[in-house]
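> Whatever this is, show me its structure:
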Amino acid sequence: MSIATIIGAALGLGCLIGAFWFFRRKRLVDDTPTSKTLGVFIGLVELKGTAESDAPLTSRLAEIACVLYSWRVDEHWSRTVTYTTRDAKGHTSTHTRRESGWKTVASGKDAIPFYLKDDAGIIRINPEGAKIEDKEVYDKTVGRGDPLYYGKGPAGAIANSDHRRRFVEEALPLHTPLYVMGQARERTDVVAAEIARDNQSPMFLISTRTEKQVSRGFAAGLWVFLILGLLFALGGVFIDSTRQIIPLPAGAYVYCGLGYLLVLLLGWAWTVYNSLVHLRLRVRQAQGQIDIQLKRRADLIPNLAAAVQGYAAHEKGLQELVTQLRGQMDNAAAAGCATTLKAALENYPDLKASELFLKLQKELSETEQRIALARDYFNNIATFYNTRREIVPDAFLAQLMKLQPVDLLTAAGFERAPVAVKLAD
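Model (predicted):
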């Protein structure tokens, strides 16, 4: 085996590794159901919504409201290069060549944590460490006479400058539809979830593309690397064959192709196996999140209801006392202190039971909505899991792994010890 064959095999193997990198991410996107912001729990989630902020940034070039942006200024240069060549007889000749290009002379970026909003609510996104697929919002090339040239570019010029500058900016404008996949964690400032960088997470992506576009992008990368890998492997054999006195037999190409396919099959099996195992773990995690939400309901609602009942009883007694005092104002014996008593009655504490009732009603509604979202997420991820078990070729590995189907939650089977709330009159 020559060096060309070894290099070709190494490059082919490297392309296969790259192909499976794209394959794993494509399956991750395809196998992750979209969650609502209100139903986000701890773990890997996929979200769709719009970028929002209560204090947005203003981009440097386009001057639009956004949550993050990056800009750069490129300056064009050109020069004539003179060089000398010598032929076989020792004669020299002089030649000239024109060279030109763009050089970045200034750049910058800024980003802030922002909120992703959908029809269920909002969730904070910390974009630090994420792969950002933003959109171009500014692209303008100007000469030295344009106010922009020095207004938002450096004062000095580069060597061999043509005095043309290109101003480019990319950003995530406010209200832009986004696709986000990342790790959810609990915020440190309030009791809520946020999406942030996690070194253990397989993906942290913030993209202006749709889910289908992201999936197709990973699929395109997969096929490009697969084809390149095969070409490198066969190319190494071809170069080796041309250098032999006796050309290699045609069977060498067949063996090379079969070896490539064998490695491809083993890599596919390994990737699909890990994907199915990961999907099964996420089903179990989703089931555990339902129990967490049910426990939250069981702990929160009775305590909140008891607090409302206690305050309502206190307020009822206070109202009865005020009513009695008002009645005493008509008593002739109290005529001398009627003015003082009236002033005291007008300053009695504000009654807050109605606000607590409204808070209880809101908590009841949000709690039931959280449980419903947890149930829906479980059904979605379980459906993805069951589907993967049935479709070919994943079904073959699923049978070898003896993966069992997961029953979906139904309305009847989902009712687990609901918390009864009984309020005093």
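> how close does the residue nearest to Glu186 when sequence neighbours are not counted sit to Ala220?
Take Glu186 and drop its neighbours on the chain: the residue closest to it by C-beta to C-beta, 6 or more residues apart in numbering is Ala193, 6.2 Å away. Placement of C-beta: from N, CA and C, glycine included. In this structure, Ala193 and Ala220 are 32 Å apart, going by C-beta to C-beta, to the nearest Å.
> more neighbours, those two?
When Ala193 is set against Ala220 and neighbours are counted by other C-beta atoms under 10 Å, the residue ahead is Ala193, at 20 against 12.
> Tell me who's in contact with the more buried one.
Under the criterion of C-beta atoms under 8 Å, 6 or more residues apart in numbering, the contact list for Ala193 reads 40-42, 123, 184-187.
> Could you do Phe225 as well?
With contacts taken as C-beta under 8 Å, 6+ apart, Phe225 has the following neighbours: 15-16, 18-19, 22.
> Can I get the residues you listed in TSV including neighbour count and secondary structure?
As requested, the contacts of Phe225 are exported to TSV (neighbours: other C-beta atoms under 10 Å; DSSP: H, G, I helix; E, B strand; the rest coil):
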residue	neighbour count	secondary structure
Cys15	21	helix
Leu16	23	helix
Gly18	17	helix
Ala19	23	helix
Phe22	19	helix
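> on that earlier part again, among the contacts of Ala193, which lie within strands?
Secondary structure assignment by DSSP state E places 123, 184-186 of the contacts of Ala193 in strands.
> still on that earlier bit, just the closest of the contacts of Phe225 to Ile132, please.
Within the contacts of Phe225, the smallest distance to Ile132 is 18.7 Å, found for Phe22 (C-beta to C-beta).
> residue ranges with poor pLDDT in the stretch 201-350 of the chain?
Low-confidence segments of the stretch 201-350 of the chain, defined by pLDDT under 70: 237-253, 300-301, 303-350.
> how about the ones in strands among the contacts of Ala193 in a markdown table, adding pLDDT and distance to Lys402?
Conversion of these to a markdown table gives the following (pLDDT from 0 to 100; distance: C-beta to C-beta, whole Å):
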| residue | pLDDT | distance to Lys402 |
| --- | --- | --- |
| Ile123 | 91 | 37 |
| Ala184 | 87 | 31 |
| Arg185 | 83 | 34 |
| Glu186 | 77 | 36 |
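> Look up which helix or strand Ile158 falls in, please.
Per DSSP states H and E, Ile158 falls between elements, in no helix or strand.
> For Val45, see how far away Val137 is.
28 Å.
> again but with Ala88, I slipped
For Ala88, the distance to Val45 (C-beta to C-beta) stands at 69 Å.
> Would you mind telling me which of the two has more residues around it?
Just comparing Ala88 and Val45: by other C-beta under 10 Å the higher neighbour count belongs to Val45, 23 against 5.
> returning to what we had before: tell me which of the contacts of Ala193 is nearest to Glu170?
Looking at the contacts of Ala193 and their distance to Glu170, the nearest is Ile123, at 23.7 Å (C-beta to C-beta).
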